[in-house]
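K.L.:
have a look at this prediction, sequence included:
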Amino acid sequence: MKIVLISGSTRGDSVNTAVLATVRHILDNLPGGHESVLLPVGGLPFYEAALERAGGSAAVRAAKELVTGADALVISTPSYNGEMPGALKNALDWLSRAQGEHPSPLTGKVVAVVSASPGARGALDAQAGLIGVLGRCGARVVRHDPVAVARAGTLATQDGRYTDPELVGRLESLTRALVAELTPIQDRAEVLV
(Lines give C-alpha, C1' and ligand atoms only; values in the text may rest on other atoms or scores of the structure.)
Protein backbone atom coordinates (compact mmCIF):
# COMPACT_ATOMS: atom_id res chain seq x y z
CA MET A 1 0.00 0.00 0.00
CA LYS A 2 1.15 3.50 -0.80
CA ILE A 3 0.21 6.17 1.73
CA VAL A 4 0.85 9.87 1.19
CA LEU A 5 1.58 11.92 4.31
CA ILE A 6 0.59 15.61 4.20
CA SER A 7 1.62 18.11 6.87
CA GLY A 8 -0.41 21.29 7.02
CA SER A 9 2.65 23.12 8.34
CA THR A 10 5.49 24.46 6.24
CA ARG A 11 7.87 24.93 9.21
CA GLY A 12 11.06 22.92 9.24
CA ASP A 13 10.63 21.96 12.90
CA SER A 14 6.89 21.32 12.61
CA VAL A 15 5.16 19.25 15.28
CA ASN A 16 2.75 18.06 12.56
CA THR A 17 5.63 16.77 10.47
CA ALA A 18 6.89 14.96 13.60
CA VAL A 19 3.43 13.37 13.93
CA LEU A 20 3.73 12.12 10.35
CA ALA A 21 7.24 10.80 11.00
CA THR A 22 5.72 8.81 13.86
CA VAL A 23 2.97 7.50 11.58
CA ARG A 24 5.62 6.52 9.02
CA HIS A 25 7.50 4.58 11.72
CA ILE A 26 4.26 2.82 12.71
CA LEU A 27 3.52 1.93 9.06
CA ASP A 28 7.04 0.55 8.64
CA ASN A 29 6.38 -1.86 11.52
CA LEU A 30 2.92 -3.08 10.45
CA PRO A 31 2.62 -6.33 8.50
CA GLY A 32 1.91 -6.16 4.80
CA GLY A 33 4.49 -3.66 3.58
CA HIS A 34 3.48 -0.03 3.34
CA GLU A 35 5.24 2.68 1.38
CA SER A 36 4.83 6.19 2.75
CA VAL A 37 5.77 9.42 0.98
CA LEU A 38 5.66 12.99 2.30
CA LEU A 39 3.91 15.58 0.13
CA PRO A 40 5.14 19.10 1.03
CA VAL A 41 2.40 21.71 0.58
CA GLY A 42 4.63 24.78 0.73
CA GLY A 43 5.92 24.44 -2.84
CA LEU A 44 2.53 24.65 -4.51
CA PRO A 45 1.55 27.96 -6.11
CA PHE A 46 -1.65 29.67 -5.03
CA TYR A 47 -4.62 28.07 -6.76
CA GLU A 48 -5.72 30.07 -9.79
CA ALA A 49 -8.10 28.94 -12.55
CA ALA A 50 -5.95 30.30 -15.41
CA LEU A 51 -2.93 28.38 -14.11
CA GLU A 52 -5.08 25.26 -13.80
CA ARG A 53 -6.28 25.60 -17.41
CA ALA A 54 -2.61 25.87 -18.43
CA GLY A 55 -1.90 22.54 -16.72
CA GLY A 56 -0.73 23.87 -13.37
CA SER A 57 2.91 23.92 -12.41
CA ALA A 58 5.39 21.05 -12.22
CA ALA A 59 4.81 20.94 -8.44
CA VAL A 60 1.03 20.75 -8.93
CA ARG A 61 1.32 17.98 -11.53
CA ALA A 62 3.68 16.01 -9.25
CA ALA A 63 1.33 16.41 -6.27
CA LYS A 64 -1.69 15.25 -8.28
CA GLU A 65 0.23 12.28 -9.64
CA LEU A 66 1.43 11.31 -6.17
CA VAL A 67 -2.06 11.45 -4.64
CA THR A 68 -3.69 9.74 -7.63
CA GLY A 69 -1.28 6.81 -7.22
CA ALA A 70 -1.78 6.55 -3.46
CA ASP A 71 -4.09 4.15 -1.68
CA ALA A 72 -4.67 6.58 1.19
CA LEU A 73 -3.60 9.82 2.84
CA VAL A 74 -2.74 10.87 6.38
CA ILE A 75 -3.11 14.61 6.96
CA SER A 76 -1.83 16.34 10.09
CA THR A 77 -2.88 19.95 10.58
CA PRO A 78 -2.09 22.78 12.94
CA SER A 79 -4.76 25.33 13.80
CA TYR A 80 -4.44 28.87 12.50
CA ASN A 81 -7.20 30.93 14.12
CA GLY A 82 -9.33 27.83 14.52
CA GLU A 83 -8.92 26.49 10.98
CA MET A 84 -6.43 24.60 8.85
CA PRO A 85 -3.59 26.75 7.44
CA GLY A 86 -3.94 28.39 4.05
CA ALA A 87 -1.12 26.29 2.57
CA LEU A 88 -3.02 23.08 3.36
CA LYS A 89 -6.32 24.46 2.04
CA ASN A 90 -4.51 25.58 -1.12
CA ALA A 91 -3.12 22.05 -1.61
CA LEU A 92 -6.59 20.56 -1.19
CA ASP A 93 -7.97 23.09 -3.68
CA TRP A 94 -5.46 21.88 -6.28
CA LEU A 95 -6.03 18.21 -5.45
CA SER A 96 -9.81 18.61 -5.62
CA ARG A 97 -9.80 19.55 -9.29
CA ALA A 98 -10.87 16.94 -11.86
CA GLN A 99 -8.27 16.01 -14.45
CA GLY A 100 -9.99 16.01 -17.82
CA GLU A 101 -12.35 13.03 -17.84
CA HIS A 102 -10.78 11.65 -14.65
CA PRO A 103 -12.12 12.50 -11.20
CA SER A 104 -10.04 14.57 -8.83
CA PRO A 105 -7.17 12.81 -7.04
CA LEU A 106 -9.16 13.10 -3.79
CA THR A 107 -12.34 11.43 -5.08
CA GLY A 108 -12.85 8.19 -3.15
CA LYS A 109 -9.47 8.50 -1.40
CA VAL A 110 -9.34 7.16 2.17
CA VAL A 111 -7.95 9.82 4.54
CA ALA A 112 -6.96 9.77 8.21
CA VAL A 113 -6.95 13.15 9.96
CA VAL A 114 -4.84 14.18 12.96
CA SER A 115 -3.83 17.54 14.39
CA ALA A 116 -1.06 18.87 16.61
CA SER A 117 -0.05 22.13 18.25
CA PRO A 118 1.89 23.49 21.20
CA GLY A 119 -1.47 24.51 22.73
CA ALA A 120 -3.71 22.69 25.16
CA ARG A 121 -6.29 21.58 22.55
CA GLY A 122 -3.85 20.11 20.04
CA ALA A 123 -5.43 22.02 17.12
CA LEU A 124 -8.61 20.00 17.53
CA ASP A 125 -10.67 22.96 16.30
CA ALA A 126 -9.03 22.74 12.85
CA GLN A 127 -10.16 19.15 12.29
CA ALA A 128 -13.84 19.92 11.64
CA GLY A 129 -13.07 22.31 8.78
CA LEU A 130 -10.53 19.91 7.29
CA ILE A 131 -12.97 17.00 7.46
CA GLY A 132 -15.67 19.17 5.88
CA VAL A 133 -13.44 20.13 2.95
CA LEU A 134 -12.35 16.51 2.45
CA GLY A 135 -15.99 15.41 2.37
CA ARG A 136 -16.84 18.04 -0.24
CA CYS A 137 -13.88 16.80 -2.28
CA GLY A 138 -15.28 13.24 -2.29
CA ALA A 139 -12.68 11.77 0.08
CA ARG A 140 -13.60 9.09 2.64
CA VAL A 141 -12.44 10.15 6.10
CA VAL A 142 -11.57 7.29 8.45
CA ARG A 143 -13.97 7.02 11.39
CA HIS A 144 -11.94 7.18 14.58
CA ASP A 145 -11.94 9.12 17.82
CA PRO A 146 -10.15 12.43 17.13
CA VAL A 147 -6.41 12.38 17.64
CA ALA A 148 -5.28 15.87 18.64
CA VAL A 149 -1.73 16.15 19.95
CA ALA A 150 -1.69 18.80 22.67
CA ARG A 151 1.46 20.47 24.01
CA ALA A 152 3.28 18.76 21.16
CA GLY A 153 6.48 20.75 21.68
CA THR A 154 6.99 19.23 25.14
CA LEU A 155 6.70 15.55 24.13
CA ALA A 156 9.79 13.38 23.77
CA THR A 157 11.13 12.81 20.26
CA GLN A 158 13.79 10.64 18.70
CA ASP A 159 14.99 10.95 15.10
CA GLY A 160 12.26 13.51 14.40
CA ARG A 161 9.37 11.36 15.62
CA TYR A 162 7.45 11.13 18.87
CA THR A 163 8.23 8.41 21.41
CA ASP A 164 5.63 9.20 24.09
CA PRO A 165 3.91 5.79 24.58
CA GLU A 166 0.39 7.21 25.00
CA LEU A 167 0.66 9.31 21.85
CA VAL A 168 2.27 6.52 19.85
CA GLY A 169 -0.59 4.24 20.93
CA ARG A 170 -3.24 6.73 19.73
CA LEU A 171 -1.44 7.23 16.42
CA GLU A 172 -1.06 3.48 16.00
CA SER A 173 -4.80 3.01 16.57
CA LEU A 174 -5.59 5.65 13.91
CA THR A 175 -3.05 4.14 11.50
CA ARG A 176 -4.47 0.65 11.97
CA ALA A 177 -7.98 2.00 11.33
CA LEU A 178 -6.72 3.53 8.08
CA VAL A 179 -5.03 0.33 6.95
CA ALA A 180 -8.09 -1.74 7.92
CA GLU A 181 -10.23 0.53 5.74
CA LEU A 182 -8.05 -0.48 2.78
CA THR A 183 -7.70 -4.15 3.63
CA PRO A 184 -10.04 -6.84 2.26
CA ILE A 185 -12.34 -8.18 5.00
CA GLN A 186 -10.67 -11.60 5.17
CA ASP A 187 -7.28 -9.99 5.90
CA ARG A 188 -8.44 -7.46 8.52
CA ALA A 189 -7.88 -9.68 11.55
CA GLU A 190 -4.13 -9.57 10.97
CA VAL A 191 -4.10 -5.75 10.72
CA LEU A 192 -6.17 -5.21 13.86
CA VAL A 193 -4.13 -7.54 16.08
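P.N.:
Thanks, I have it.
K.L.:
tell me where the protein has strands.
P.N.:
Along the chain, counting by DSSP state E, strands occupy 2-7, 35-39, 72-77, 110-116, 140-141, 148-149, 157-158, 161-162.
K.L.:
any idea which of those strands scores lowest on pLDDT?
P.N.:
Of all the strands of the chain, the minimum mean pLDDT falls on strand 157-158 (a mean of 92).
K.L.:
if we look at that one, which residues are touching it?
P.N.:
For strand 157-158, contacts defined as C-beta atoms under 8 Å, 6 or more residues apart in numbering pick out Ala18, Thr163. C-betas here are computed from N, CA, C, even on glycine.
K.L.:
one more time with 10 Å
P.N.:
The contact list for strand 157-158 (C-beta atoms under 10 Å, 6 or more residues apart in numbering) reads Val15, Ala18, Ala21, Thr22, His25, Thr163, Asp164.
K.L.:
spatially central residue in the protein, please.
P.N.:
Nearest to the mean C-alpha position of the chain, by C-alpha atoms, centre = their mean, lies Ile75 at 1.6 Å.
K.L.:
which residue comes closest to that residue once chain neighbours are left out?
P.N.:
In space, and not counting its chain neighbours, Ile75 is closest to Ile6: 4.6 Å by C-beta to C-beta, 6 or more residues apart in numbering.
K.L.:
next, the contact list for the one you found, please.
P.N.:
Neighbour list for Ile6: 16, 20, 37-41, 63, 66-67, 73-77, 88, 91-92, 95, 111 [criterion: C-beta under 10 Å, 6+ apart].
K.L.:
rerun that using 8 Å as the cut-off
P.N.:
Leu20, Leu38, Leu39, Val41, Leu73, Val74, Ile75, Ser76, Leu88, Ala91.
K.L.:
one step back: could you dump the strands of the chain into a markdown table with distance to Ala126 added?
P.N.:
Output for the strands of the chain, formatted as a markdown table (distance: least, C-beta to C-beta, whole Å):
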| stretch | distance to Ala126 |
| --- | --- |
| strand 2-7 | 13 |
| strand 35-39 | 18 |
| strand 72-77 | 5 |
| strand 110-116 | 5 |
| strand 140-141 | 14 |
| strand 148-149 | 9 |
| strand 157-158 | 22 |
| strand 161-162 | 19 |
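K.L.:
closest one to Leu174 among these?
P.N.:
Ranking these by proximity to Leu174 (C-beta to C-beta) places strand 110-116 first, at 5.4 Å.
K.L.:
so what strands line up beside the closest one?
P.N.:
strand 72-77 (parallel), strand 140-141 (parallel), strand 148-149 (parallel) (DSSP bridges).
K.L.:
now for those strands, which one comes closest to Pro118?
P.N.:
Of the strands paired with strand 110-116, the one closest to Pro118 (C-beta to C-beta) turns out to be strand 148-149, at 9.7 Å.
K.L.:
roughly how far is the closest one from the heart of the chain?
P.N.:
For strand 148-149, the separation from the chain centroid amounts to 14 Å (computed by C-alpha atoms, centre = their mean, to the nearest Å).
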